[in-house]
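Visitor: Give me the fold of what follows.
(2 chains)
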Amino acid sequence: MGSLFRSEEMRLCQVFLQKEAAYACVSELGELGQVQFKDLNENVNAFQRTFVTEIRRCEEMERKLRYTEKEILKEGMRIPDNLENPKAPAPKEMNDLEVEFEKVDTELRQVNTNNEALKQNHLELMELKEVLELTQTYFAAYGQDIQSMMDEEIQGHEEAIIGRQQTAALGFYVGTISREKVPVFERVLKFITHSTVFVRIEEIPRTFLDPVSGDELHKCMFLVFFQGEQLRTRVKKVCEGMRGTIYPVPDTQKERTEMLIGVKTRIADLETVLAQSNEHRMRVLGKAQKEIRSWTIKVEKIKAIYHTLNMFKVHQNSLIAECWFPVKAADDIRRALNVGEKQSGSTIPSVIQPMVTDEKPPTYYNCNKFVIGFQHIVSSYGIASYGEVNPAPYTVITFPFLFAVMFGDAGHGLIMFLFGLFMVLKEKSLGSKKMGNEIANTFFGGRYIIMMMGLFSIYTGLIYNDVFSRSLNIFGSQWKPVTLEKDLRINEDIQLDPKYDHINGTAYFFGIDPIWQGAKNKILVLNSLKMKMAIILGVIHMLFGVSLSVFNHIHFKNYIDIFVKFIPELLFLGCLFGYLVVLVFYKWIMFDAVSSKCAPSLLIHYINMFMLKYNTNECDPQAIFYKGQQGVQITMLLLAVLSIPVLLIVKPVVLIVTRNRRQAGMRDVYHSSDPLLSNEIMPAE
Amino acid sequence: MLPELTFNIDHGYLEGLLRGFKSGILKQADYLNLIQCETLDDLKLHLQSTDYGNFLANEPSPLTVSVIDDKLREKLVVEVEHMRIHALQPLAGFLDYIKYSYMIDNVILLITGTLHGRPIHELLPKCHPLGTFDQLAAINLANTSIMLYNAVLVDTPLAPYIKDCISAEDLDEMNVEIIRNTLYKSYLEDFYNFCKKLGGATADVMCEALAFDADRRSFIITINSFGTELSKEDRIKLYPRCGNLYPSGLKLLGECDDYDQVRAVAEYYPQYKELFDNSGSNPGDKTLEDKFFEYEVHLMKKAFMQQFQFGVFYAYVRLKEQEIRNIIWIAECVAQRHRAKIDSYIPIF
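Guide: Predicted structure coming up:
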């Protein structure tokens, strides 16, 4: 059977690699992606393994790349993906990469430090400019004479300043502070000076950029008037503590205007310098931008190779690896190893030696891109152990089909199909774009499933005759009423008796007759039909699943399981639900419009089957409707009930008995032979 | 009504989250690996395989112990802040109480720093992020405890704690120590009463933990006071009155003059007797401080035995602090190539 039916045949091998060839060989094997290495150093610490320095170097490189990437993204530049998949560079090229990254990193950091200093300078000048402008307007509004202003302001706090010398030197501080610190700033100033300073806060309308993080900063300007040297130091300390910046604003208006002009020219100068520095930064980043994707892939590959090499055992001049691979891929692996040896120029060939083991091999399915989605759905329930039947190939049909049975609308199905088709056709371009959105990725991963589900929905939708919840009269309805025109004219509603009021020549060509669209009991009829179909399909589906287990029992030579598991399961399912399916078909075939009054109610019958209730009234939906029904049903029930203890009890008993017998046998064998002998290495083929 | 029935409505998510965090606490096996490290980079490599993950991935080599310390602390802070933001009362209040102890530490750190003439902007980054508050920045203005109260702490949660030790005296080292201990004493008593009021399993667990903390402080204050100018009357005022020692034990402690007398007091309390008996200052012996830490770890681990209570939050923070101390200890030993005492960390699980 194909590899999808059961796992690929797997083989455990020991590979002896020359130390100098190991890197290239693992790189080739990694590109092949068919080998699973076993960790032979599970008990060794992460930092005591052989290639830990190389991994550390890789991490260092990754760190630098991350920094560069962050800077590139911060500038709003995109990282191009040119779909290349560079091979892992040889170990000696690692040094070149390191040097290159180091260069980019230091250059970038240097530029950034300069830039930050310039930006900080710029920020301060801009703040000073804003502060000067605001103070100008402020003093213009309130007058130049600070002394008189102060007197007015503190009149309300007469008691607080009693004893204070009015002649003490009066001064003020102007500066900026973050907006969120303002309330605390005001409060602390008030507590610390007992409300003897005058604080004026003015919000600066424009926002500034943080020189380091690039975030927006909201600042407020403060003006603090105080008297005397003691208060001056206190105010200054508070400003320092709150990370406010004090700017030296002169007392007179003339000086302020001069200063403002000076500041403006300095800002203009600084902006040209900043522009140049930014340009330099963009050049550095632009160089890195083109390469960064392939650099990242390279470093990741190197790191992965060394991680793999760390799983190997070191033996003198060679590395010993143990790995699983599919037998089919053996030649590819041999070839990859040869390529690796050639690349590294090693003279001694590496050796692959099959090993005999009683370990259970890993399960591996060689899926193409169509099946892989279905395989993922199955795997989310559990991965079949090695040699077990894989249900995935069947889900390719059953999953979309059962979905469509429930979905059942050709119009919506068409939309779904087109969506799936779009993703399938655009596979390459969509796949290369790494979509960050998890949901979008799920849809993309299941594109073939969606397409199939759409396709099947069109099919079932046509059978249900449902297109956007409407019916289509494609082949012409076969239902012809025998009502006279005049009847219709007299009555608004007429009930048509299906026995004689219409002529049904043949059935509608495909699916449900569209005339049902106009009937009032459309929902009732379709629901009954769909429910019965659901039972029939469901039971068939389950029977199929149970039958698959026979292949497992035969494969693993568990013939006893056929009798204690498969047959009772089959009996249970068949006698209860299989019987119901038979009844459905019986009812469909045996009862027509004429006898529909006496048609049995299957639900009640099914319940009565368990209640062991039987009555024999004439033409009653609850009465038995075929000869020997009672006998058949009781037999079915009995068989189903009897299979339960078989399922539950027989297998454990068998297991206990065989185990006891084996233990008894082991005790005899133990003395005679060495149990380790069976685990010897087989000679190479 | 049984509080256990309704606990999960408000606090179930956070308790679940916390128990998840707790399972990330380093195990004995991790420590055995850590102490084999040759360099700090080895340490980083091993910590990467634990719950700490890539917390050091963006730090350039060579690593320093202080970087590791900052990052370890940052992780704890992020976790605690996350829980605080999602917490509802009374858990929110409980978590705030945990933060108050860090606030006290920060206040004291800044005062001592300014006493030694260090500028405030140099000191502020050294504060523990769990205990920062806006008014901290103005602390360098306070040169008496009245100023400290009026200007800085008056509208913070610490205000009620400092009320007991306001004086017009200038702040000096002795005063700062007294302020620290008084603050801590009032804080512990307040926290104790808060937990008692919460009742139920929280009270059971927390009162035991806080009582131990109070007793430890009393012992240590007594031992440290020998040979200083602290008078016995002042000393007795610093003892938190919510521990197992209160009231008779504290009275005896207040009269002690040397270490042996303290030890004699501990004799009356079986749990402390054991700690004093097994500690010593000879090489190879564990110090009393370590013994206290060990006992604390034991208590905190016990807190996780009960569900539907807040004690686990306190216990987690304490255990994590201990873990940080352990890692830093090992890191220091590795960095200074002083491996003789590398295994005197305190294992948690």
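
Visitor: CA only for contacts and neighbour counts going forward, please
Guide: OK.

Visitor: Distance of A:V15 relative to B:A138?
Guide: Between A:V15 and B:A138 the distance, using CA to CA, to the nearest Å, works out to 69 Å.

Visitor: who's more crowded, these two?
Guide: It is B:A138, of A:V15 and B:A138, that has more neighbours when counted by other CA atoms under 10 Å in any protein chain shown, with 27 against 18.

Visitor: Pull the contacting residues for the more buried one.
Guide: B:A138 sits next to A:V188, A:K237, A:V238, A:G241, A:M242, B:A151, B:V152 when contact means CA atoms under 8 Å, 6 or more residues apart in numbering or on different chains.

Visitor: of the residues you listed, the lowest pLDDT goes to which?
Guide: Among the contacts of B:A138, B:A151 has the lowest pLDDT, at 73.

Visitor: That residue touches A:E186, doesn't it?
Guide: No. B:A151 is not in contact with A:E186 according to CA atoms under 8 Å; the separation is 11.6 Å.

Visitor: More neighbours: which of these two?
Guide: B:A151 (23 against 17).

Visitor: Enumerate the residues of the stretch 151-300 of chain B near chain A.
Guide: Residues of the stretch 151-300 of chain B lying close to chain A by CA under 8 Å from any CA of the partner chain are B:A151, B:V152.

Visitor: show me where the stretch 151-300 of chain B has helices.
Guide: For the stretch 151-300 of chain B, the helices defined by DSSP state H, counting those that start in this stretch cover B:159-162, B:173-198, B:200-225, B:232-238, B:248-254, B:259-266, B:270-278, B:288-303.

Visitor: Columns mean pLDDT, distance to A:S379 and mean neighbour count on top of the ones you listed, output as CSV?
Guide: CSV is the format used below for these (pLDDT from 0 to 100; distance: least, CA to CA, whole Å; neighbours: other CA atoms under 10 Å in any protein chain shown):
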stretch, mean pLDDT, distance to A:S379, mean neighbour count
helix B:159-162, 83, 61, 19
helix B:173-198, 88, 49, 19
helix B:200-225, 89, 44, 20
helix B:232-238, 83, 65, 16
helix B:248-254, 84, 66, 18
helix B:259-266, 86, 63, 17
helix B:270-278, 85, 55, 15
helix B:288-303, 90, 40, 18
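
Visitor: Just send those helices back as CSV, with distance to A:E42 too.
Guide: Shown next, in CSV, are the helices of the stretch 151-300 of chain B (distance: least, CA to CA, whole Å):
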stretch, distance to A:E42
helix B:159-162, 55
helix B:173-198, 47
helix B:200-225, 40
helix B:232-238, 54
helix B:248-254, 54
helix B:259-266, 48
helix B:270-278, 39
helix B:288-303, 30
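
Visitor: of all those helices, which lies closest to A:A140?
Guide: helix B:159-162 (42.8 Å; CA to CA).

Visitor: Can I get that closest one as CSV, trimmed to CA atoms?
Guide: Output of helix B:159-162 as CSV, limited to C-alpha atoms (Å, rounded to 0.1, in the frame of the first residue of the first chain):
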residue,chain,number,x,y,z
ALA,B,159,1.6,58.5,55.4
PRO,B,160,-0.2,56.7,58.3
TYR,B,161,3.0,54.7,59.0
ILE,B,162,5.3,57.6,59.4
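
Visitor: Report all helices and strands that that helix contacts.
Guide: helix B:173-198 (3 or more CA pairs under 8 Å, 6 or more residues apart in numbering or on different chains; DSSP states H and E).

Visitor: how much does the helix it packs on deviate in direction from helix B:200-225?
Guide: 160 degrees (axes from the mean of the first three to the mean of the last three CA atoms, to 10 degrees).

Visitor: Next up, the contacts around the single nearest residue of the stretch 251-400 of chain A relative to chain B.
Guide: For the stretch 251-400 of chain A, the residue closest to chain B is A:H307, as judged by CA to the nearest CA, at 12.9 Å. Taking CA under 8 Å, 6+ apart, we find A:H307 in contact with A:F51, A:I55.

Visitor: I'd say A:S344 and A:A21 touch.
Guide: Yes. The pair A:S344 / A:A21 is scored as a contact, 5.4 Å apart, by CA under 8 Å.
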